[in-house]
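Student: Return a 3D structure for these sequence lines:
(one chain, ligands or ions: 1)
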Amino acid sequence: MLREFIELLGIPNVASDAANIRRNAEHIVGMLQRRGIDARLLETDGSPPAVYGELSAPGAGFTLMIYVHYDGQPVQPGKWASEPWTPVLRDGRLEDGAGLVELEDIEAALDPDWRVYARSAGDDKAPIVAIAHALDALAAADIRRAVNLKFFFEGEEEAGSPHLASMLQRHAELLAADLWLFCDGPRHQSGRPQLAFGVRGVSGLDITVFGPANAVHSGHYGNWAPNPAAMLVHLLAGMRSPEGRIQIDGFYEDVVSPTPAERAAIEAAPSVDAALVDELALGHTEGGGQRLEERLLEPALNIKGLRAGAVGEAAANAIPVSATASVGLRLVPDLTPKKARELVDAHIRAQGYYIVSDLPDPKTLRAHARVAQVSWSDSGYPAVRTIMDSPGAKALIAVMREAVGEELILMPTMGGSLPLYHIRERLDAPVVILPVANHDNNQHAANENLRLGNLFEAVEIYAAVIAGFTEP
Ligand SMILES: [Zn+2]
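Tutor: Now for the predicted structure:
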């Protein structure tokens, strides 16, 4: 299993690298076909291939779709301790000074705390190998599968899934399933196994506001010529309170109270707040003491970055010509990116700004007291939350409980975003997220890794679900 994992991790997999992406996809088709799965590539106009596979179980009336993505984030090789696509095994965490282990030297059993370091070890190639070996194990033990399986492995998730909607639409019949199991993301910070029933939506914008046409002396003109940095700070401060409450009209219209099942799930999960507060050296948290999981049920407005003039030794005694902020939004179900955009734009206008989409010319700047150039991201998508006490979800929770016991953590939503919306929208299928990676897998960053114990447990969990799922 480890060798097969290392082999797969050795193929570079940035979504824009078309040749290598195809090598990954063909390699995975081979892995599936060796297990008797009817596997092939699916394509749609201009997309990288997705890997599709089918494995039916005699007499089963329920079809479980397994989603994984095989592409990974771009890398900055200089920041890695080893080459991103030359996987290495270490006897622990790099941060704790773990050393290299040579595969040839291994004589005893693999230590579950050892880690494989490579791009996509944690995000998101591990489930591909774990599922393959769960199937091998079931076959070797002659245990029958309780559900029909389908597989859909995407090749451009880290690039924002630009073709996922058209892919799902074009192949809707093939991709029909009773439940989508979305195998991506890290497990709970406590290390315990987890199911998550939703994700927040995502959107974002850049706002630029304008001062004088050229930078002017801050003594000769200060407090007469409008200062764009100060204007932007006022505008942003009006958008969110110090506690993180969004002060844009209408932003909480679509926030619904947690259901009893969701509330019970949060209460039953171990709180990670104290450990995170310590790890991140936080003197306070936003939200007046509410725990993290509760905060994730609400929308968030984050200032990702600010740019105006310069600071420190580079600071000039001048009023800058413009100031820009990048703002990120995390959304709840029914607060679509389109609706969020309307609310934010209305808020900016209500502060006296004339909104333009392109860089305004002097004529436009003279004609309006305040001008804001607003550019919205076009890669956002809405949130999704699957009802925790729906029949499919309950059946999945039951089989997972049987496999891992009371350790199982249920989360109404993850804080981050995944393109589940397209699946619900195009295929009308419920989606549940089953993450397998350790939370400290350095996903999207240098020295991405997977703890071997997480890979082993993923095999057990997939095998239990495939063999034990009871049709609701
Ligand atoms: Zn991922």
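Student: Could you list everything the residue in the stretch 251-400 of the chain positioned nearest to the ion pairs with in the sheet?
Tutor: Per CB to the ion, the residue of the stretch 251-400 of the chain with the smallest distance to the ion is residue 381, at 14.6 Å. C-beta here means a position set from N, CA and C on the backbone, and glycine is covered the same way. Legend: beta-bridge partners of residue 381 under DSSP bridges are residue 202.
Student: do you know how far it is from residue 425?
Tutor: Between residue 381 and residue 425 the distance, using CB to CB, to the nearest Å, works out to 9 Å.
Student: low-scoring stretches of the stretch 351-472 of the chain, by residue?
Tutor: Within the stretch 351-472 of the chain, the set of residues satisfying pLDDT under 70 is empty.
Student: surely residue 157 meets residue 72?
Tutor: No. The criterion here is CB atoms under 8 Å, and residue 157 misses it with residue 72 at 9.1 Å.
Student: between those two, which one's more packed in?
Tutor: Here residue 157 and residue 72 are set side by side on neighbour count (other CB atoms under 10 Å), and the busier one is residue 72, at 27 against 22.
Student: quick one: the more buried one and residue 123 touch, right?
Tutor: Yes. If you go by CB under 8 Å, residue 72 and residue 123 touch, sitting 6.7 Å apart.
Student: Excluding chain neighbours, give the residue nearest to residue 215 in space.
Tutor: residue 318 (4.3 Å; CB to CB, 6 or more residues apart in numbering).
Student: ok, now which ones touch the one you found?
Tutor: For residue 318, the set of contacting residues under the criterion of CB atoms under 8 Å, 6 or more residues apart in numbering consists of 215-218, 309.
Student: Could you pull up phi and psi at it?
Tutor: Here is the backbone geometry of residue 318 (degrees, to the nearest 10): phi -140, psi 160.
Student: Residue 365 belongs to a strand, doesn't it?
Tutor: No. Read with DSSP: H, G, I helix; E, B strand; the rest coil, residue 365 is helix and lies in no strand.
Student: Any idea how many residues pack against it?
Tutor: As a burial measure, the neighbour count of residue 365 was computed by other CB under 10 Å and equals 16.
Student: What's the separation between it and residue 349?
Tutor: In this view, residue 365 and residue 349 are 17 Å apart by CB to CB.
Student: Pretty sure residue 421 sits in a helix.
Tutor: Yes. With three-state DSSP as the criterion, residue 421 is part of a helix.
Student: quick one: contacts for it?
Tutor: Contacts were defined as CB under 8 Å, 6+ apart; by that measure residue 421 touches 201, 381-384.
Student: if we can go back for a sec, ok, the contacts of residue 318 vs residue 406, which is closest?
Tutor: residue 309 (55.7 Å; CB to CB).
Student: Skipping its backbone neighbours, what lies nearest the closest one in space?
Tutor: For residue 309, ignoring the flanking residues on the chain, the nearest one in space by CB to CB, 6+ apart is residue 320 at 4.1 Å.
Student: got a list of what that neighbour touches?
Tutor: For residue 320, the contact set (CB under 8 Å, 6+ apart) comprises 211, 215, 227-229, 308-309.
Student: Spell out which residues of the stretch 151-300 of the chain are next to the ion.
Tutor: Along the stretch 151-300 of the chain, the residues adjacent to the ion under the rule CB under 5 Å from the ion are residue 184.
Student: How much space separates the residue of the chain positioned farthest from its centre from residue 57?
Tutor: The outermost residue of the chain, judged against the average C-alpha position, is residue 220 (49.4 Å), by CA atoms, centre = their mean. Summarising the geometry, the distance separating residue 220 from residue 57, computed by CB to CB, is 80 Å.
Student: Now do the shared contacts for residue 157 and residue 72.
Tutor: Listed as contacting both residue 157 and residue 72 by CB under 8 Å, 6+ apart are residue 124.
Student: ranges for the helices of the stretch 351-472 of the chain?
Tutor: For the stretch 351-472 of the chain, the helices identified by DSSP state H, counting those that start in this stretch occupy 362-367, 391-404, 420-427, 452-468, in order along the chain.
Student: a markdown table please, covering those helices and showing distance to the ion.
Tutor: Output for those, formatted as a markdown table (distance: least, CB to the ion, whole Å):
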| stretch | distance to the ion |
| --- | --- |
| helix 362-367 | 42 |
| helix 391-404 | 20 |
| helix 420-427 | 12 |
| helix 452-468 | 14 |
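Student: who wins for proximity to residue 116 among these?
Tutor: Evaluated with CB to CB, the helices of the stretch 351-472 of the chain place helix 452-468 nearest to residue 116, the distance being 7.0 Å.
Student: which residue does the stretch 151-300 of the chain bring closest to the ion?
Tutor: Ranking the residues of the stretch 151-300 of the chain by distance to the ion (CB to the ion) places residue 184 first, at 4.2 Å.
Student: burial count for that residue?
Tutor: Applying other CB under 10 Å, we find 24 residues neighbouring residue 184.
Student: hey, where'd the helices end up in the stretch 1-150 of the chain?
Tutor: Ranges of helices within the stretch 1-150 of the chain are 2-9, 18-33, 126-140, based on DSSP H, counting those that start in this stretch.
Student: Same check on the stretch 151-300 of the chain?
Tutor: If you assign secondary structure with DSSP H, counting those that start in this stretch, the helices in the stretch 151-300 of the chain sit at 164-170, 218-221, 228-237, 260-268, 273-279, 292-295.
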